[in-house]
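> 3D model of this:
(2 chains)
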Number of protein chains: 2
Amino acid sequence: MKIELNRSSRIPLARQISQAIADRILSGYFQKGSRLPSVRELSRTLEVSPVTVVQALKILESQSLVNRVQGKGTFVYGESPKQQDPTAETLLPIPDYLHRTQHWHYHQEPARINFSLCAVHPSLLPGSALTDSMRHLLQHDPDILVQYGEIQGDLELRQVMAQYLNSEKLKVSPQEILVTNGAQQGIDLVIRSFIGPGDIVVTESPAYTAAIDAFRSRGATILSVSMDEEGMRMDELTALLDTYKPKLIYTNPSFQNPTGKVMSLKRRKELLDLAVSTGALILEDDSWSEIYYDGPPPPHIKSLDQHGHVIYLKGISKILSPGCRVGFLIASGSVLNPLIAAKTHADLGSPLLNQRVMIPLLKPDNITPLLKQLRTSLKKRRNRVIELLNEYAPDAVRWITPRGGFNLWLTLPETVNTNALLRETEKKHIQFLPGSACYAGEAEWNHLRICFSHVPESHLEEGIREFCSLLSSHLATAENRRSHTPIF
Amino acid sequence: MKIELNRSSRIPLARQISQAIADRILSGYFQKGSRLPSVRELSRTLEVSPVTVVQALKILESQSLVNRVQGKGTFVYGESPKQQDPTAETLLPIPDYLHRTQHWHYHQEPARINFSLCAVHPSLLPGSALTDSMRHLLQHDPDILVQYGEIQGDLELRQVMAQYLNSEKLKVSPQEILVTNGAQQGIDLVIRSFIGPGDIVVTESPAYTAAIDAFRSRGATILSVSMDEEGMRMDELTALLDTYKPKLIYTNPSFQNPTGKVMSLKRRKELLDLAVSTGALILEDDSWSEIYYDGPPPPHIKSLDQHGHVIYLKGISKILSPGCRVGFLIASGSVLNPLIAAKTHADLGSPLLNQRVMIPLLKPDNITPLLKQLRTSLKKRRNRVIELLNEYAPDAVRWITPRGGFNLWLTLPETVNTNALLRETEKKHIQFLPGSACYAGEAEWNHLRICFSHVPESHLEEGIREFCSLLSSHLATAENRRSHTPIF
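Numbers count the residues shown, from 1 in each chain, chains lettered A, B, ... in the order given. Below is the predicted model:
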């Protein structure tokens, strides 16, 4: 196990070690039930004292990630799978650069009731309009499957997208748009272009799991800023900027993933001013600003940007077609060129078919009613889920009613660990995202994210009820255990 | 301009500087006709003596990449464009991590006769079979556009691909296959998983431009091994391994890009043995081994691999559908897992539609006749191009007749610079790939690559004739210039 320790950091070594091991456990790199290297082994390979290693293991135990068995060693939580992975024999000792992949880890398990996958149920999406568009394409442009497209993206699609964004009060030209494979690739292109080992990235805390994974994979140092009801706290950010010079500030200003919070217009302006004055880029990730339930969010930060400091990512997988994997990156001038080059490195361009099929759907006559309908359906779902939680959730559970988006962020008493809760609900094939996956550094363990837009309508009520019942038992047991267990 | 110099390298500083500037010029980062920073400026920012800077600039001048004008400065070759890039005003000083993107640079310009794009003309590809498959899908699985797929790739596609590879004597299971967006993404996933700054990668020399670009973007040190008629030279590689410990050896063993060479079976075995004994991975990139004209190439290196040292990339963009952007990565055990995780970071999975549409085409009844037909058509083209070159090419031009693939590698007298030749042919809208783009380190300037599979049938003869005529004039002028210009 290769762990890079920063001996001049203010974070104690034991914390650094426990965090690195937690990342690997939570990314599924260590099989459940497997034994960790011994204290002596870790102490030798990491060049730290055995006392430090023991401290790190104790932290992991307090996080319910390992079990320490007297005289036997330290084991990753959970039972070892009965069936061994047949390919596991081939274990080449090739060190890799992927230290954290929690997003993948939490989206592997099939579930009967899936509150983890952040997507919209297929029945709510314009399947038949997409099929019609595809049929039309095949008839009028039969060569589309045997052609390469432009690396920056199909020009007609970029023109239609520019129009759409203009209607959303974001003035851009088709030349400023790069077509990506979903918004995730947009994050990835920005990282590979501008972020290297040791570069500083600022995120909201908690933040989108897959973004954290991606920043960590390039060796970035991630600094977290907490949020209040107006979004990212500018007092905290300003204080950080006294000491650090971040290269990038990553934000979901509208219906933030995972909390659902909205950044106020005032904060958006302040954030931009801070970025301009410190020479940082802002990465504004917008997957669902159109999905509002009580009025639209403030203007995009990119629409306020005069100097090209903002890279704006617009995903449409969530709101139109997950199957096409089309997203957009908007940037200006010298910031855009390396991003197009990075797209060349990544895949030589997105598939032409998937781009062209979106063109009719993005035209005003289609997208306006589509989004209206989606807002109406999802608002009903949100209201229903809140009603159900009010009725069935234990008293100790708190949440913020989201004003848009697909997610609900639940907070449990501080003594509860939602990773442990997940192990209980998984036995009943109910999935959610444990909040710890949304923290870049020191995690908070008592939150969880529920996505209410993907479960079939018919399972929503049953799912929330069953989840609440499991939650109640878990809280009771946790309370019970706590009152009998000595704290070390 | 940020250039990282390695002061303990055996490569002289002036060479390192000239190479870094050449990379940027050849990637289009400096506008044609623009002035480079002055000798004094470069000397100060790079912390080297002015004499070293002058040496570097002289090397660039000898490579026809810059013009030095007495009393005015050093200018990037070519005329500045009349129209300024409208977004160029926004020039944020954000240093990026993309030092070399020659592949993108050489594929931007539209051309009347395009010998540069390495692809197959749409009329030779199974457009109508693909359209039928798509229609069938839309009818039987109308929800396909509104669903997410599995991150590793659609299981049915992986099963069909495993069957196809088994028929190609490569025994793999669907669990060992990862679906990528074309083979380029396969290269990228391997790099982001296993290659970091300073890691050593070995490639053939010359090699595939986009692969070199991608290795460089992660800060890898690339060591080049030359080829003879049996492919990569094992004596050279063995000598390298005495001094260096590469993490990855990248190879195109069958109809290598750009030279068309084939690695013999003996060499394939030797290469694998060397990789196993030194603990290196082999990245075997196979875009067109099925397109042979005089008998199939030896077995894939992956088929000889007992210990999981080989990652095999199978592109099908070139031979079936560039428009779908589907490729495959085959790896085993502990090597595969980080690659799937990397796919999550990259884009959360390939579009489902594009994967499923390939399923019927990859079944034996379809792919066998498709490939046979493609071989027949392209063999005719290869023969015709060789005839035309025999008739029209100047005597000083040499080439290897390729036994498969799409490319022809031409060698000109050593005094000729094909980047300068390209500037001439571009005036007539004829594109090819200058050989210098295929070298990771010190380039050879007197080669070029012609792709004969993409130009429309009707333009092939005219294109080669016109190209040969421009080549003859260029050779005459170069000869002429050389005899009158003092050599510095």
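> So A:I11: helix, strand or coil?
Judged by DSSP: H, G, I helix; E, B strand; the rest coil, the three-state class of A:I11 is coil.
> mind checking pLDDT for it?
We have a pLDDT of 79 for A:I11.
> gap between it and chain B?
Distance, A:I11 to chain B, by C-beta to the nearest C-beta, to the nearest Å: 23 Å. To be clear about C-beta, it is placed using only N, CA and C from the backbone, and glycine gets the same treatment.
> ok, and the closest non-adjacent residue to A:S332?
In space, and not counting its chain neighbours, A:S332 is closest to A:G308: 3.9 Å by C-beta to C-beta, 6 or more residues apart in numbering or on different chains.
> and the one you found, what element?
Assigned by DSSP states H and E, A:G308 belongs to neither a helix nor a strand.
> is it true that it touches A:I330?
No. Assessed by C-beta atoms under 8 Å, A:G308 is found out of contact with A:I330, at 10.6 Å.
> the more surrounded of these two?
The neighbour comparison of A:G308 against A:I330 (other C-beta atoms under 10 Å in any protein chain shown) goes to A:I330, with 26 against 22.
> bridging residues for that one?
Beta-bridge partners of A:I330, counted by DSSP bridges, are A:I177, A:Y312.
> what's near enough to touch it?
By C-beta atoms under 8 Å, 6 or more residues apart in numbering or on different chains, the contact set of A:I330 is A:L165, A:L170, A:V172, A:E176, A:I177, A:L178, A:K302, A:I311, A:Y312, A:L313, A:K314.
> if I look at A:T45, how far off is chain B?
18 Å.
> which stretches of the stretch 201-350 of chain A form helices?
A:209-217, A:234-243, A:265-278, A:333-347 (DSSP state H, counting those that start in this stretch).
> for these, which one sits closest to B:K428?
helix A:333-347 (26.0 Å; C-beta to C-beta).
> which one among the contacts of A:I330 gets closest to chain B?
Chain B has its nearest neighbour among those in A:E176, at 6.7 Å by C-beta to the nearest C-beta.
> Grab the most central residue of chain A for me.
A:Y208 (2.6 Å; C-alpha atoms, centre = their mean).
> does that residue really touch A:F255, like I thought?
No. Using C-beta under 8 Å as the test, A:Y208 is too far from A:F255 to be in contact (11.8 Å).
> OK, contacts around A:R216?
Applying C-beta under 8 Å, 6+ apart, the residues contacting A:R216 are A:D23, A:H99, A:R100, A:I222, A:A440.
> repeat that with 7 Å
A:H99, A:R100, A:I222 (C-beta atoms under 7 Å, 6 or more residues apart in numbering or on different chains).
> what's the distance between it and B:Y293?
Plainly put, A:R216 is 48 Å away from B:Y293 if you go by C-beta to C-beta, to the nearest Å.
> give me the low-pLDDT residue ranges for the stretch 201-350 of chain A?
For the stretch 201-350 of chain A, applying pLDDT under 70 flags no range at all.
> Would you mind listing what in it touches chain B?
Proximity of the stretch 201-350 of chain A to chain B, by C-beta under 7 Å from any C-beta of the partner chain, involves residues A:210, A:213-214, A:217, A:281, A:307-309, A:321-325, A:332-336, A:338, A:340-342, A:344-348.
> Which ChimeraX command selects the buried ones in those residues?
Of those, the buried ones can be selected in ChimeraX as follows, counting by 16 or more other C-beta atoms under 10 Å in any protein chain shown:
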select /A:210,213,214,217,281,308,309,321,322,323,324,325,332,333,334,335,336,338,340,341,342,344,345,346,347,348
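> could you dump the contacts of A:R216 to CSV with neighbour count?
What follows is these, written out as CSV (neighbours: other C-beta atoms under 10 Å in any protein chain shown):
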residue, neighbour count
A:H99, 18
A:R100, 26
A:I222, 19
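> Which ones among those residues lie within strands?
Assigned to strands by DSSP state E, the following of these qualify: A:I222.
> quick one: which of the contacts of A:R216 is nearest to B:G153?
A:R100 (22.4 Å).
> From chain B, how far out is the closest one?
Taken as C-beta to the nearest C-beta, the spacing of A:R100 relative to chain B amounts to 9 Å.
> contacting residues for that residue?
So A:R100 contacts A:D23, A:S27, A:D213, A:R216 (C-beta under 7 Å, 6+ apart).
> Equivalent analysis for A:L5, please.
A:L13, A:Q16, A:L46.
> surely A:L361 meets A:S133?
Yes. At 6.4 Å, A:L361 and A:S133 qualify as touching, with contact defined as C-beta atoms under 7 Å.
> could you pull out the strands for the stretch 351-488 of chain A?
A:398-399, A:407-411, A:430-431, A:433-434, A:447-451 (DSSP state E, counting those that start in this stretch).
> likewise the stretch 151-300 of chain A?
Using DSSP E, counting those that start in this stretch, strands in the stretch 151-300 of chain A cover A:177-180, A:200-205, A:221-228, A:231-232, A:248-251, A:281-286.
> who wins for proximity to B:L389 among these?
Comparing the strands of the stretch 151-300 of chain A under C-beta to C-beta, the one sitting nearest is strand A:177-180, at 38.7 Å.
> Could you list the low-pLDDT ranges of the stretch 51-200 of chain A?
A:80-94, A:108.
> partner residues bridging the closest residue to A:Q256 other than its chain neighbours?
In space, not counting the residues next to it along the chain, A:Q256 is nearest to A:E204; the distance is 6.3 Å by C-beta to C-beta, 6+ apart. Note on A:E204: beta-bridge partners by DSSP bridges are A:V225.
> if I pick A:E204, what's in contact with it?
For A:E204, the contact set (C-beta under 7 Å, 6+ apart) comprises A:V225, A:M227, A:M232, A:T251, A:Q256.
> Using a markdown table, lay out these together with neighbour count.
What follows is those, written out as a markdown table (neighbours: other C-beta under 10 Å):
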| residue | neighbour count |
| --- | --- |
| A:V225 | 21 |
| A:M227 | 19 |
| A:M232 | 26 |
| A:T251 | 25 |
| A:Q256 | 25 |
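> What is the nearest of those residues to chain B?
A:T251 (17.5 Å).
> That closest one contacts A:M227, correct?
No. Contact criterion C-beta under 7 Å: A:T251 and A:M227 do not qualify, at 9.9 Å.
> Run a quick neighbour tally on A:L361.
A:L361, neighbours per other C-beta under 10 Å, totals 20.
> OK, contacts around it?
A:P126, A:A129, A:L130, A:S133, A:L320, A:I367.
> Kindly indicate which of these lies nearest chain B.
Chain B has its nearest neighbour among those in A:L130, at 4.1 Å by C-beta to the nearest C-beta.
> Looks like that closest one contacts A:S321 (just checking).
Yes. The pair A:L130 and A:S321 qualifies as a contact (C-beta under 7 Å) at a distance of 5.7 Å.
> got any residues that touch both of the two?
B:L145, B:V146.
> Pull stretch A:278-293 out as CSV, backbone CA atoms only.
Output in CSV follows, covering the C-alpha atoms of stretch A:278-293 (Å, rounded to 0.1, in the frame of the first residue of the first chain):
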residue,chain,number,x,y,z
THR,A,278,-6.9,35.9,-7.1
GLY,A,279,-6.6,34.6,-10.7
ALA,A,280,-8.5,31.4,-10.0
LEU,A,281,-10.8,29.6,-12.4
ILE,A,282,-14.4,28.8,-11.4
LEU,A,283,-15.9,25.5,-12.5
GLU,A,284,-19.6,26.0,-12.4
ASP,A,285,-21.3,22.6,-12.7
ASP,A,286,-25.0,22.8,-13.6
SER,A,287,-26.9,19.6,-14.1
TRP,A,288,-30.5,20.7,-13.3
SER,A,289,-30.9,24.4,-12.7
GLU,A,290,-34.1,24.1,-14.9
ILE,A,291,-35.7,21.7,-12.4
TYR,A,292,-37.0,24.3,-9.8
TYR,A,293,-40.1,23.8,-7.7
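> Quick one: distance of that stretch to the chain centre.
Offset of stretch A:278-293 from its chain centre (C-alpha atoms, centre = their mean, to the nearest Å): 13 Å.
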